[in-house]
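Enquirer: need the 3D shape of this:
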Amino acid sequence: MRVYLRRRFLRVLDALCTNRSIVSGVGATWEEMASSSSLLRAVGNWRDGSEEWFAGSFERLPETVRVNPLRSDSWWVESWLSEIGSKEIAWFDGPGSAWELPFERGKAEGDTKKMLAALHETGRVTRQESVSMIPVLALGLGEGDMVLDLCASPGSKTTQISEHLMDSGMVVANEISSSRVNTLVSNVQRHGSKSPVVVNHDGRHIPRMPDRGFDSVLVDAPCSGSGTTRKNPEIWGKWSPSGGRSLQGLQIGLLTRALRVTRPGGRVVYSTCSLDPIENEAVVAEILRRGSGIRLLDASKILKEVPGDMGMSSWPVLSEDGSISESDEGEESMAPPTEEWIEESLSKCMRVWNDKIGGGGFFIAILEKSPDIDDSWGEPQFRQSPSDTKEDLPSSPQPIGGQVSEAISKSWGSCPPNLWTRGKKILWSTPEVSDVWSSERRIRSGRTLVPGGRWRPLKVIHIGLETARMRKGEMDRVVARAAGILVPEMKSGFTEVSLSVIDGILAGEEPVPSSIGELEGMRGGHLLTCEDLCIPVWIGGRVTLMLNESEKTVLHSQRGIVGNVEEE
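Expert: From the prediction side, this is the model:
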């Protein structure tokens, strides 16, 4: 019976995605079922033109990607996207570029499918729904900024923030769920930037580090997902107003904490993929009501090219079927504001409707903390000595020690700054991350000062760019993703060769070291360079390429090489 129900459920979702099938025993198309949903009735009570919204909320989303500007070959990626018929997303004004591909999500075929997967796996592009790119654009980031992504998994916004920081500053990427934090780490590693610090906390209680507060905080809050019908068609059947009401307390708690850990004059962006004002404007109204020194910035002036509408200042109480309730009872935090100044402020929020942007639905509010707020802790009541302070977990990244530094210098001829170890991995981060680790910080609401030279009270899982691997206390090999930006920091450990040598190795040749004069007598991991190309190899009896299949796929295409790239 359970197998039957699962198969039936999958058929239902497939039918809903294709927007045409009739399921035996139901007697109506899934489009007709969606047209009688609670969500459609609710939208009809939130805006005019619900029919237009419905027409733009049913078909599957197109595939959209963001190109990583931190990669030196981003120009080639953009050229490939253009060649397959992709179009740049006009309103995207961040570093790099964003593209809509000429097929639905997950519907690439043949060589295009293979290349798209390779570009994603190697960090050259990030697959991301287009509206999901908007909140980071609203943060107003600059190089060197200290940023918190409070609800970061799966990591697409964290990597987008890293692109704005251009391998400087710090983005603390937080995720409360231990299982989801693994996905976050994987995506951060795939992207290959230096600025991320992945942590595992309840966002409502995350510590304020650095001590002065963050320059910007993104709160892409958990929500009921009512704007995601084109991506998650099951929303049509399961959405109800009670879902948003049950999440509002969490959303208010997250936004409250975000403002608390932001420096005076800093910015907080609150966003959801929900259309429900209970999760959006009502949350913002409650924050304005509770706090002082917080103001809303006009999103339409910051996101000038984004096709969005102003925020709502009033909304009805809804019954579970999406219709207007005869009762107006409810918590104050869920009711439209009675304060005139809050009512007027809410128009500065932005609502992105599915039909008007040709994608998913989204909500964005941009809050600024007054520079006149005195957020200093004052004099601490207690000072902990290093011996009284808990050490970091053994699995936390730590600055490299003297022995590791010597091993790196022996292999590379020098040791770049801001290197860390975690197990056998060498990680490369930014000066700002090192400064935070070294600095004193407060705990227990600022009452206690604890020494630096540790991550606590942060629970840090991963930092920066995975750069190399150690083995038995010696340098083993450089990770391919870091090779190109590492070479300028090295005095040895690499050899400049001809393009024909690199092309031959990429094509599958394994020459003996003596045939490449400079390599004779060498053994172990090494880098071969020529112009902008850099490939890691292992030198033994033969010179063997140390690249995964996705990287080979991309480089073969870039170099016009016909080789035997096996499927993983």
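Enquirer: tell me the average confidence for the helix or strand harbouring Arg481?
Expert: Taking DSSP states H and E as the criterion, Arg481 maps to helix 480-486. Taken as a whole, helix 480-486 carries a mean pLDDT of 95.
Enquirer: cool, and stretch 158-175?
Expert: Taken as a whole, stretch 158-175 has a mean pLDDT of 98.
Enquirer: check stretch 294-309 too.
Expert: The model assigns stretch 294-309 a mean pLDDT of 97.
Enquirer: helix, strand, or coil at Ile134?
Expert: helix (DSSP: H, G, I helix; E, B strand; the rest coil).
Enquirer: counting neighbours, what do you get for it?
Expert: For Ile134, the count of nearby residues is 25 (other Cβ atoms under 10 Å). The C-beta positions use only the backbone N, C-alpha and C, and glycine is treated the same way.
Enquirer: what comes up buried for the helix holding Arg481?
Expert: For helix 480-486, a neighbour-count test (16 or more other Cβ atoms under 10 Å) marks Ala480, Arg481, Ala482, Ala483, Gly484, Ile485, Leu486 as buried.
Enquirer: of those, which is the nearest to Gly169?
Expert: Comparing these against Gly169 with Cβ to Cβ places Ile485 closest, at 16.6 Å.
Enquirer: if we can go back for a sec, could you point out which element follows the helix holding Arg481?
Expert: Downstream of helix 480-486, the next assigned helix or strand under DSSP H and E is strand 494-496.
Enquirer: which other helices and strands does that following strand contact?
Expert: strand 524-530 (3 or more Cβ pairs under 8 Å, 6 or more residues apart in numbering; DSSP states H and E).
Enquirer: strands paired with whichever helix or strand comes after the strand it packs on, and their directions?
Expert: The element immediately downstream of strand 524-530 (helix or strand, assigned by DSSP H and E) is strand 533-539. Sheet pairing for strand 533-539, assigned by DSSP bridges, gives strand 524-530 (antiparallel), strand 543-545 (antiparallel).
Enquirer: reformat the buried residues of helix 480-486 as a markdown table; add distance to Pro431.
Expert: Compiled in a markdown table, the buried residues of helix 480-486 are given as follows (distance: Cβ to Cβ, whole Å):
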| residue | distance to Pro431 |
| --- | --- |
| Ala480 | 25 |
| Arg481 | 21 |
| Ala482 | 17 |
| Ala483 | 22 |
| Gly484 | 21 |
| Ile485 | 16 |
| Leu486 | 17 |
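Enquirer: and the residues you listed, which two are furthest apart?
Expert: Maximum pairwise distance in the buried residues of helix 480-486, criterion Cβ to Cβ, is 11.5 Å, between Ala480 and Ile485.
Enquirer: follow-up on the earlier one: ok, which of the strands paired with strand 533-539 comes nearest Arg456?
Expert: strand 524-530 (34.4 Å).
Enquirer: show me the chain divided up by domain.
Expert: As recorded under automatic domain parsing, the domains making up the chain are 1-28, 62-128, 132-324+333-369, 385-471, 493-559.
Enquirer: show me what the longest helix along the chain is packed up against.
Expert: Secondary structure of the chain per DSSP state H: the longest helix is helix 241-260. Judged by 3+ Cβ pairs under 8 Å, 6+ apart, helix 241-260 is in contact with strand 214-220, strand 262-272, helix 281-290.
Enquirer: by mean pLDDT, which helix or strand of the protein comes out lowest?
Expert: The helix or strand of the chain with the poorest confidence is helix 2-18; it has a mean of 41 (mean pLDDT, DSSP states H and E).
Enquirer: just after that one, pick out the following helix or strand.
Expert: Downstream of helix 2-18, the first helix or strand assigned by DSSP H and E is helix 30-35.
Enquirer: could you check how far Lys552 is from Lys390?
Expert: Distance check for Lys552 against Lys390: by Cβ to Cβ, to the nearest Å, it reads 45 Å.
Enquirer: pick out whichever of the two has more residues nearby.
Expert: The neighbour count for Lys552 versus Lys390, taken as other Cβ under 10 Å, is higher for Lys552 (22 against 10).
Enquirer: tally up the residues packed near the closest residue to Ser74 other than its chain neighbours, please.
Expert: For Ser74, ignoring the flanking residues on the chain, the nearest one in space by Cβ to Cβ, 6 or more residues apart in numbering is Val67 at 5.3 Å. For Val67, the neighbour count with other Cβ under 10 Å is 22.
Enquirer: these two touch, right, Val67 and Glu78?
Expert: Yes - here Val67 reaches Glu78: they are 5.8 Å apart, a contact under Cβ atoms under 8 Å.
Enquirer: hey, what's in contact with both of those two?
Expert: When contacts are counted by Cβ atoms under 8 Å, 6 or more residues apart in numbering, Val67 and Glu78 have Ser97, Trp99 as shared neighbours.
Enquirer: quick one: contacts for Val197?
Expert: Val197 sits next to Met170, Val171, Val172, Ala173, Ser429, Val433, Leu458, Val460, His462, Ile463, Gly464 when contact means Cβ under 8 Å, 6+ apart.
Enquirer: no wait, Gly464
Expert: By Cβ under 8 Å, 6+ apart, Gly464 lies in contact with 193-197, 397, 418, 420, 427-430, 433.
Enquirer: check what pLDDT the residue nearest to it when sequence neighbours are not counted gets.
Expert: Closest residue to Gly464 apart from its sequence neighbours, by Cβ to Cβ, 6+ apart: Ser429 at 3.5 Å. You'll see Ser429 listed with a pLDDT of 98.
Enquirer: report the contact partners of Ser429.
Expert: Counting by Cβ under 8 Å, 6+ apart, Ser429 makes contact with Lys194, Ser195, Val197, Asn418, Leu419, Trp420, Ile463, Gly464, Leu465.
Enquirer: and the fourth one, how many neighbours?
Expert: Read it as Asn418. Around Asn418 there are 18 other residues, counting by other Cβ under 10 Å.
Enquirer: I'd say it and Glu432 touch.
Expert: No - taking contacts as Cβ under 8 Å, Asn418 lies outside contact range of Glu432: 9.2 Å.
Enquirer: all set now, cheers.
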